[in-house]
Structure formats: structure tokens, C-alpha cells
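> My questions concern the predicted model and sequence given below.
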Protein chains: 2
Amino acid sequence: MSNTTRTELSELGEFGLIHHLTDNILIQNKTSVKGVGDDAAILTPPENQSCLVSTDMLVEGVHFDLSYVPLKHLGYKSVVVNISDICAMNAVPHQIVVGLALSNRFSLEAVDELYAGMLMACQRYGIDLVGGDTTSSRSGLVISITAIGYAPEAEIATRSGARENELLVVSGDLGAAYMGLQILEREKAVFQAAPGAQPNLEGYDYVLERQLKPEARRDVHGLLETLEVKPTSMIDISDGLASEIKHLAEQSGVGFDLYEEKIPVSPRTIEAAKEFNIDYLTCALNGGEDYELLFTIKPGDYDKIKGNPDLTVIGHATADVMGCRLITKSGEAIALKAQGWDALQNEI
Amino acid sequence: MSNTTRTELSELGEFGLIHHLTDNILIQNKTSVKGVGDDAAILTPPENQSCLVSTDMLVEGVHFDLSYVPLKHLGYKSVVVNISDICAMNAVPHQIVVGLALSNRFSLEAVDELYAGMLMACQRYGIDLVGGDTTSSRSGLVISITAIGYAPEAEIATRSGARENELLVVSGDLGAAYMGLQILEREKAVFQAAPGAQPNLEGYDYVLERQLKPEARRDVHGLLETLEVKPTSMIDISDGLASEIKHLAEQSGVGFDLYEEKIPVSPRTIEAAKEFNIDYLTCALNGGEDYELLFTIKPGDYDKIKGNPDLTVIGHATADVMGCRLITKSGEAIALKAQGWDALQNEI
């Protein structure tokens, strides 16, 4: 952001700011009848479809560190992580409403950057920003987004539908966002020790982008539809693969065998992990923030997905009593431990 | 709250806390197919009805002061102010999702109090708490609630439907919540000057309750239906009558004449205002937090509502060029000024 202009939020006031931010918002979806500007947004769900609603809160100093996260990226990511939850129901996201608490150290120009990032994500994912609330905060920035989507009830995939012998599938690759965070933290520490230092971010594009500008797998819904595969259960990977497998297991009443050698990790993630002396498997299992989709399919659907480079079968559901196990490359079965990120116990 | 037990939130962790808070939630509405526990809630809107969505954020030190607001009341109020926005569309609220950012000075017992208040409001208003996000905060408490409701599209009342000559109607009485706040602020100041002092709250029950435990006018929707009156525009009074009239005027493209002598103010509000040397009209016009409904009706509907003690005709819509005017008791017409509460400029 440039340092040339700084407009105080109090110059505009609450209504002035809302006008400034929302006057140019274009509505893309037919389901959005009326957006920002009234007591509530008016939405018309597609005929015979259910409505999916999910909410997430991002808190400065807990979920993000503005010393290395550009506001535009933060805005983009805050939308993505929310619509990822709608995608994780095998549904299609259409709308978001946004709550912002801003301290007075934020200028209008800073809020514009944040909003530009949010609207960029909306544009990319065909989402309408239909409402919000903007207020001041005594300390840091808090972003609360609620996402709304739709799906025919029969197509919705919850966390509880997995059955014994079904296959466990994941989209994309895992662990990169965690390595991106490690690199940002390292460069921050270098900078704090020597404030003139330039950050060394070269060659880390992939893992940095996965951390700073993650994408939601909105495409998986259409992909599975094309392949004629109905996922029996689904969840998105926000807290790490191990933690999410345990959620599916607990809510479906099954166990899972996860095959170490099948877990998809990018060579660039492996390389970065090596540099940090971190086991890349740990990044994939417990790193989190991948926003890939984890789901189960019927064994008979294996042939339909096996050729797809973006979907990997990483295990299968077992009897509940077996629990969740990691099958190592040497064939050993060890209990899967979830050390996923806990917003009440960890801070960045 | 008793001082006997204090359980740290970190003892439970994020998932433990969510289980603890949500395991006993009962679903009341048929439209709530699946509540807390998956990536998103699943809702089924009533056939041929639109979906209304509204979000609000309450920030410690900006919207509330925990030194005199009990957590249970705060929880109750946070739900009420959100569903009030749905009522203000002439719709019926069914669900909420709740985002909470908690600092570690909150114990499990404190969060239980807050939740008990929220669930009490849900119970009273027939609302289901179907989802949420709970995280830590570096400083104060932030509550973000998104409310969802339903109405046939033809019944929805926006801010933009008022037409010239229509009547301006308000439910209940105004200004009491503002006087309640003045009393709480006064007693806080007394206590700070002399920490042993007991607060003097006797005789102020009505205005205190209107501040600490406001109610949403969910009943007005049914009342108007019974009276066979369709409001042409509607808004709820959160920032003060003057500010809300201006919103209706701006969005409907009309002016309004507001009659000073018609503005309903409780004798108990007048009494308290007198004690503080505040003009009670100022409380009604600019105090806010009344959560009454302000709406317009066709002139021909006057006879249907005139006998109702809970509905007061306070003015009428005029031509846009006339602007918003207050007609004083002496018959003078003065421009209506909105000095409503602005979350970016005011703090409690």
C-alpha cells in the first residue's frame, strides 16, 4: 500500500464507509434478490434446494499477522476459507455477508485494500457480497464472514455418511500452506533481528501462494457430477488431514486406514520441509490451511476417479473399533494422532 | 456469577468447548435440517418463500461494557438485536449462527453464562442456533451473529417502499434504552470514585430492562397480518428514530413530517430524562437501541390500526423535496437532524 494518502475512517463515519465500500458491488447470482442496503439481504434459493450456511471468524494476532500478510490477500483468503465450508457440503456457494471490526489505525485506504481482496475472491467464485456490518474495534482487526450456498438435499455430503470399506479421497496436494507459513515466520524473525534486511522469498512461490492466497475447491462439485460420483461424506481440510479424518470417523462411526505413501505432497513442499528439517508428512497431517476437500466414495466408484490427477485415493474406511490408523511405508499400522491447529490453544 | 469455579478454556480446547456448548441444543424449527457439527448448517426454506439474512457484530468496549452488563444479558441482547433485523423485513426469524472471539480472561463458566443468555433468547423467539465459530482473541470479546428468516416475497417490507401521503407508524415507545444506559454509566462513575459504593438502580426497572434486555418485535408481523395491513416499508430502530426516518426517506425517495407530540415515550423515560436534565425527545430521536419497528402503511389502512395501543401513527410521507421535518408542538417545522450512534465515531 502506498503511503501517500491516509483518510481516517471517522471522516466518513459508519454509513459513509458502508456506502463507499458497497456502492459499486455488482450482483451476479439470480438467487440474490437484494444485497447490501436494507435490514437484511433477500435471497431466493433455487427451487427444491436446501440452503447451506457456515460462519468463520478471523482474528488479528490469532489467525493472521499483518506484519507479513498483505490486506488484499487477507481479504481474499477470508472469503475463500468461508466458501470452502460450503464446498465441503458438496454444495455451491452463492453469497457472503461480512462483519468487520476495525481499529482506528486502519485508514480508508487500508480498508479499501481488504475489500478489494474480498471482492476479487467474490468475482472469481461467482459470489455476491449481500450484507455486512462495519464497526470499530479497541484493538485488532476482526473479520467475520458467513457464507450461504445451495444444493438439492440428495446431493449434500455431510461428515456422517462414510461407511466401512468406502474409499477415502483427497483433492490436490497437502502441507504446502504450512510450509508457506514457516517461510513467512522465518523472514519475519530475520527482519526483526535486522530491520533493514530484505525478505528472502524467492523460489518459494508455490508454498507462499498456498498460504497467502489459498483457493477453495469449488470445482470438485462439478467434477464429481461429471464423473457421476456422489461423495458419501465430505469435509474440507482446514486443520490438517489427521484432524479431518478423525472428524469423519467420529461422525460416521467408522475407522480409517490412511496410507502414508499415498498422501499427495508437492515436490516443492517436500523441498521446503527438508530445508527446515521438518518431516513433510507432518506438514500434510497436521499443518492445515490446505482447503482441499477430503471425502469418501463407494468402492464401486473407484474406476470413475482413478485416472484423475487431481484426486487421490489415500485410504479406506474400516470398522469403528479399528480407529484411525496410519499405515507406514514399511507396512506398520500406527494410531493416527491429530495435532491440528486449535484456535483456543495456539496462536501464530 | 459465582467465584467458586474457574475452568480455563484452554483445558477444553476448541472442539471440547464447541461440544460443551452445543451438545444440548434442541432444534425447534422444521426449516433447520441440520445444526451445529458439520462444515455448514442445512436449512430448508418454507416452500415459495424467500430467505432473509442479516449480520451484526458486537465489540467489547464499543458496543458493551462488561463492567456493568451481565454476560447472560449480553448473550440475550446479541441475539435479539440480530433477529430484530429480520423482523424489520416483515419476516419471521428461524435461525442464527454465532461467531465468538474470546480472550483468555474468559473462563468456561463465563462463556456458559453468555451462551445461556443466547439460548434463552433462542427459546423465547423460536430460533435455532445452527452453527458457529469459536476462537480466541488477543483482547476483548467479539460477538458476531448472522440471523436467517423467511417470508413470501410479496410480504417482505424493504426500506424503499414508502410513498407520498402514506402514514408513518412506530411500535411501542422510544428513548427508554438510552436512559437505561445513562443510569448504568452514572452508577459506574460513582463506583469508580468510591469502589465500595452500592449501585442505586431502584425505581429504574423499566429503562434498565429496555437497555439490558431489549426485545425484538417479532409479534408485529403477526399483528399486522391479523389486522390485514401490509406495511409498505419497514426498518427497526437501532440508531435512533431520526436516523431511521432518514434511511426510509433516502431509500424510498420521499420526505417525512414527524409530529413531536405523537412520538410515544414512556412516563418512566420522561421521569428519568428529567432527572438527568436531558430533553426526553432527544432520547427518542437520537438515543437508539429501542429495537421497535418503524414502518409506513397506506392511508386507507389507518382505521385498521388506530385502536391499537402498541402502534402509534407519528407522521406521514411527503414529497422528496420537503425533506425530513419535525413538526413541533407549536406547529413549527424544523429540519430533522440525525445524530444517531455511529460505531466508527462513538464509543461507550
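Now that the structure is in, tell me what you want to look at.
> before we move on, which element is the residue nearest the centre of chain A in?
Centroid-nearest residue in chain A: A:Val81, 3.2 Å away (criterion: C-alpha atoms, centre = their mean). Secondary structure from DSSP states H and E places A:Val81 in helix A:71-87.
> Just checking the distance from that helix to the centre of its chain.
6 Å (C-alpha atoms, centre = their mean, to the nearest Å).
> Kindly export it (C-alpha atoms) in CSV.
Taking C-alpha atoms only, helix A:71-87 is exported to CSV below (Å, rounded to 0.1, in the frame of the first residue of the first chain):
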residue,chain,number,x,y,z
LEU,A,71,-4.5,-6.8,3.4
LYS,A,72,-5.7,-7.7,-0.1
HIS,A,73,-4.5,-11.3,0.3
LEU,A,74,-6.2,-11.4,3.7
GLY,A,75,-9.5,-10.2,2.2
TYR,A,76,-9.2,-12.8,-0.5
LYS,A,77,-8.4,-15.6,1.9
SER,A,78,-11.1,-14.7,4.4
VAL,A,79,-13.7,-15.2,1.7
VAL,A,80,-12.1,-18.4,0.4
VAL,A,81,-11.9,-20.2,3.8
ASN,A,82,-15.6,-19.5,4.3
ILE,A,83,-16.9,-20.7,0.9
SER,A,84,-14.6,-23.7,1.3
ASP,A,85,-17.0,-24.8,4.1
ILE,A,86,-20.0,-24.6,1.6
CYS,A,87,-18.0,-26.6,-1.0
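> which neighbours does the helix or strand following that helix have in its sheet, and in what orientation?
For helix A:71-87, the succeeding helix or strand toward the C-terminus, using DSSP H and E, is strand A:92-102. Strand A:92-102 pairs in its sheet with strand A:128-136 (parallel), strand A:142-152 (antiparallel), by DSSP bridges.
> so for the next helix-or-strand element following strand A:92-102, what's the average pLDDT?
Of the helices and strands lying after strand A:92-102 in sequence (DSSP H and E), the nearest is helix A:108-125. Averaged across helix A:108-125, pLDDT comes to 94.
> Return the list of helices and strands in contact with helix A:108-125.
helix A:9-22, helix A:71-87, strand A:92-102, strand A:128-136 (3 or more C-beta pairs under 8 Å, 6 or more residues apart in numbering or on different chains; DSSP states H and E). Heads up, the C-betas are built off the backbone N, CA and C, glycines and all.
> Return the member of those having the minimum mean pLDDT.
helix A:9-22 (a mean of 83).
> circling back to that earlier point, the residue nearest to the centre of chain A and A:Ser266, how far apart?
Separation of A:Val81 from A:Ser266 (C-beta to C-beta, to the nearest Å) stands at 20 Å.
> which parts of the stretch 151-300 of chain A sit against chain B?
Counting by C-beta under 8 Å from any C-beta of the partner chain, the stretch 151-300 of chain A comes close to chain B at A:Glu153, A:Ile156, A:Thr158, A:Arg159, A:Ser160, A:Met234, A:Ile235, A:Asp236, A:Gln251.
> How far off centre is the one helix or strand the last one maps to?
In this case it means A:Gln251. Element membership for A:Gln251 (DSSP H and E) is helix A:241-252. Its chain's C-alpha centre and that of helix A:241-252 lie 17 Å apart, by C-alpha atoms, centre = their mean.
> tell me the mean pLDDT over the helix or strand following that helix?
Later in the chain than helix A:241-252, the nearest helix or strand by DSSP H and E is strand A:255-259. Here strand A:255-259 scores 98 as its mean pLDDT.
> And the nearest residue to A:Glu289 once chain neighbours are set aside, how close does it get to A:Lys213?
Closest residue to A:Glu289 apart from its sequence neighbours, by C-beta to C-beta, 6 or more residues apart in numbering or on different chains: A:Ala177 at 3.9 Å. Computed as C-beta to C-beta, the A:Ala177 to A:Lys213 distance reads 10 Å.
> between those two, who's got more neighbours?
A:Ala177 (25 against 18; other C-beta atoms under 10 Å in any protein chain shown).
> And for the helix or strand that contains A:Gly180, what's in contact with it?
Taking DSSP H and E as the criterion, A:Gly180 maps to helix A:176-193. Residues outside helix A:176-193 that contact it (C-beta atoms under 8 Å, 6 or more residues apart in numbering or on different chains): A:65, A:67-69, A:197, A:199-201, A:204, A:206-212, A:214, A:265-266, A:268-269, A:272-273, A:276, A:278, A:283, A:286-291, A:348.
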